[in-house]
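[1] My questions concern the predicted model and sequence given below.
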Number of protein chains: 2
Amino acid sequence: MEPAKIKDPARVALGAKLWFDPRLSRSGFISCNSCHNLSMGGSDNLKTSIGDKWNKGLLNSPTVLNSSLNFVQFWDGRAKDLQEQAHGPIANPIEMAFTHDLAVDTVKSIPEYRAEFRKVFPSGKLTMNEITLTIAAFEETLVTPNARFDKWLKGNKTAIDAQELRGYQLFKSSGCVACHNGPNLGGGSFQKMGLIEPYKTKNPSEGRAGVTGKDADRFSFKVPTLRNVALTYPYFHDGEAATLTEAVDVMGRLQLGRKFTAEENADIVAFLHTLTGDQPRLMLPILPPSNDKTPKPRPFE
Amino acid sequence: MEPAKIKDPARVALGAKLWFDPRLSRSGFISCNSCHNLSMGGSDNLKTSIGDKWNKGLLNSPTVLNSSLNFVQFWDGRAKDLQEQAHGPIANPIEMAFTHDLAVDTVKSIPEYRAEFRKVFPSGKLTMNEITLTIAAFEETLVTPNARFDKWLKGNKTAIDAQELRGYQLFKSSGCVACHNGPNLGGGSFQKMGLIEPYKTKNPSEGRAGVTGKDADRFSFKVPTLRNVALTYPYFHDGEAATLTEAVDVMGRLQLGRKFTAEENADIVAFLHTLTGDQPRLMLPILPPSNDKTPKPRPFE
């Protein structure tokens, strides 16, 4: 995995501001970063997220880190790319609970934002299309190179230790790698949660079937990336696995039909810790202030 | 106003992490920065803040910027300094809703935090006292030098324009400066809100009287700083003044017995815009991860 090549720094800088701007939510309190916190592995480390009016989210917030490497976005793959994904939470009534029209009105009301958009989009257009293009451009920079496993792959034989190497070998030989593969160690396919044994959960999500309407897609979810997995607890679409130990155990039994011994489990968990890469180092953006034309936040109405 | 002199960079860096760490709240979702957002003038730009379980705060969140220059902390002055202040929100049931014991347990459970505390406090103690000492040390760095008004005071005669200068002269001659004075243009005394005419509000707060029990202190509040006031809308302890125009009008009538003309009001508002200083430029901290011993967030219990 290589550091992101930034093609258009002005677009990325504008996207970074919008990423941290809670005025894209009805309350004026929730930003993209609230649930995909870049101080915390690009996630919120909650089972399911907190949304507008403290609504409880339906699914565990996936990390934004390396999300550009995923073949589709959301657990159920309903967005084809990051730009399409970015439309969702802003207007979701249990997430940011805004409307796209009000989000555009908010950004357009602020002269500093208008000027930045004019520089990035010489067409002068400022719609949800341009807003989400900048957010996606920022997200594309959120890659985490230099994980110890990457260094080992590049030939640094001391980058991982003997236990971690045993874990990697078991990760391959036991079949984890069948789904968690490619540059993102996952994010490349849908798979049924509960392949060998059914997964027991109170979470009502049926995953991919909600998009396709096909019975065969019930409980099928996008395989999550394992990069930075030591930071993105808790695990699974319902957030019900609190620790990597628990997640590895459940995956072994339900997906591979294999009960890992305590030692095997510990070896795989040790390997998973080698997947933590360099976290994005960002300046906290200073946001341009609202004015009389900016729609007012409505947290308590 | 001068940039902050950082005496102990390790203490400040640790305080910055805790400032951004939502694990100091019961939900795992609310950090100091949620209501004192350093992207937004150190405030949340809401009338009153959103707390745990979407509780509605009682008062407008004061800016953290330059708060070290205030003679006491909170609107009612119930904390003598920033360290004492930092104890409050963590355990306030409508703010972060945690307990001090759990906050300490959370920090202590994380080896990276323990190591940092050992470096900063060779005594090895890690209690709320040390936690709040680091947060206060970070807050002390959040000063905003180089406002255009500061440059003008230092002799740069072109730093403010003719209208802004008229506004400053009126600010002095009409009496605003009687309370908004000193290095923070405020923050140095308690004053009654509604001196000449009573202030009409549905907000039940009685201000300083809640601390002293004295009838004479009813509706008396700490005079807020005017530094960065163009960024810290909405205004007053109840957040009911949406704009500077409105705030100046109310202050003139209620505190000074003077109805400013539209031109006078605009001049003062222009002057107030010269008080925006350099905003703190911070790297977003990367927080050390939780582990099995870290108390779990409880957002929905």
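    Structure's in. What do you need?
[2] which bits of chain A sit near chain B?
    Neighbours of chain B within chain A, by CB under 8 Å from any CB of the partner chain: A:20-22, A:27-29, A:34, A:37-41, A:44-46, A:50, A:53-54, A:56, A:230-231, A:233, A:242-243, A:279, A:281-287, A:289-290, A:292, A:296-297, A:299-300. All C-beta atoms are positioned from the backbone trio N, CA, C, and that covers glycine.
[3] List only buried entries from the residues you listed.
    With burial judged by 16 or more other CB atoms under 10 Å in any protein chain shown, the buried subset of the residues of chain A next to chain B is A:20-22, A:27-29, A:34, A:37-41, A:44-46, A:50, A:53-54, A:230-231, A:233, A:279, A:282, A:284-287, A:289-290, A:296-297, A:299.
[4] Now do the helices in the stretch 51-200 of chain A.
    Assignment of helices within the stretch 51-200 of chain A using DSSP state H, counting those that start in this stretch yields the ranges A:82-91, A:100-108, A:111-120, A:128-140, A:148-153, A:162-173.
[5] winner for burial among these?
    Highest mean neighbour count of the helices of the stretch 51-200 of chain A: helix A:128-140, a mean of 22 (counted as mean count of other CB atoms under 10 Å in any protein chain shown).
[6] what residues does that one touch?
    Helix A:128-140 is contacted from outside by A:4, A:8, A:11-12, A:14-16, A:18-19, A:32, A:64, A:67-68, A:81-87, A:100, A:103-104, A:107, A:117, A:120-121, using CB atoms under 8 Å, 6 or more residues apart in numbering or on different chains.
[7] ditto for stretch A:272-285
    A:1, A:13, A:16-17, A:20, A:38, A:41, A:65, A:141-150, A:152, A:159-160, A:164, A:167-168, A:185, A:226-231, A:244, A:248, B:38-39, B:281-284, B:286.
[8] cutoff 6 Å now
    A:16-17, A:20, A:38, A:142, A:144-149, A:160, A:164, A:226-230, A:244, B:38-39, B:282, B:284, B:286 (CB atoms under 6 Å, 6 or more residues apart in numbering or on different chains).
[9] Ok, stretch A:145-160 next?
    With contact meaning CB under 6 Å, 6+ apart, stretch A:145-160 is reached by A:1-3, A:274-278.
[10] Could you dump the helices of the stretch 51-200 of chain A into JSON lines and include mean pLDDT?
    Converted to JSON lines, the helices of the stretch 51-200 of chain A look like this (pLDDT from 0 to 100):
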{"stretch": "helix A:82-91", "mean pLDDT": "98"}
{"stretch": "helix A:100-108", "mean pLDDT": "98"}
{"stretch": "helix A:111-120", "mean pLDDT": "98"}
{"stretch": "helix A:128-140", "mean pLDDT": "98"}
{"stretch": "helix A:148-153", "mean pLDDT": "98"}
{"stretch": "helix A:162-173", "mean pLDDT": "98"}
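[11] export the ones you listed to CSV and tack on distance to B:Phe219?
    Putting the helices of the stretch 51-200 of chain A into CSV (distance: least, CB to CB, whole Å) gives the following:
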stretch, distance to B:Phe219
helix A:82-91, 40
helix A:100-108, 34
helix A:111-120, 37
helix A:128-140, 43
helix A:148-153, 60
helix A:162-173, 64
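[12] If I look at the closest residue in space to A:Pro285 that isn't next to it in sequence, what pLDDT would I see?
    With sequence-adjacent residues excluded and distances taken as CB to CB, 6 or more residues apart in numbering or on different chains, A:Pro285 is closest to A:Lys17, at 4.6 Å. Confidence at A:Lys17, expressed as pLDDT, is 98.
[13] Look at A:Lys17 and give its secondary structure.
    Look at A:Lys17: counting by DSSP: H, G, I helix; E, B strand; the rest coil, its state is helix.
[14] nearest residue to whichever residue of chain A sits closest to chain B other than its sequence neighbours?
    At 3.9 Å from chain B, A:Trp54 is the closest residue in chain A, using CB to the nearest CB. Once flanking residues are discounted, A:Trp54 sits nearest to B:Trp54: 3.9 Å by CB to CB, 6+ apart.
[15] Report how many residues lie close to the residue nearest to A:Arg166 when sequence neighbours are not counted.
    Ranked by CB to CB, 6+ apart and with sequence neighbours excluded, the top spatial neighbour of A:Arg166 is A:Asp267, at 4.5 Å. Close neighbours of A:Asp267, defined as other CB atoms under 10 Å in any protein chain shown, add up to 23.
[16] How about the one 3 residues further on?
    Counted with other CB under 10 Å, the burial measure for A:Ala270 works out to 19 neighbours.
[17] Wasn't A:Phe260 part of a helix?
    No: going by three-state DSSP, the assignment for A:Phe260 is coil, not a helix.
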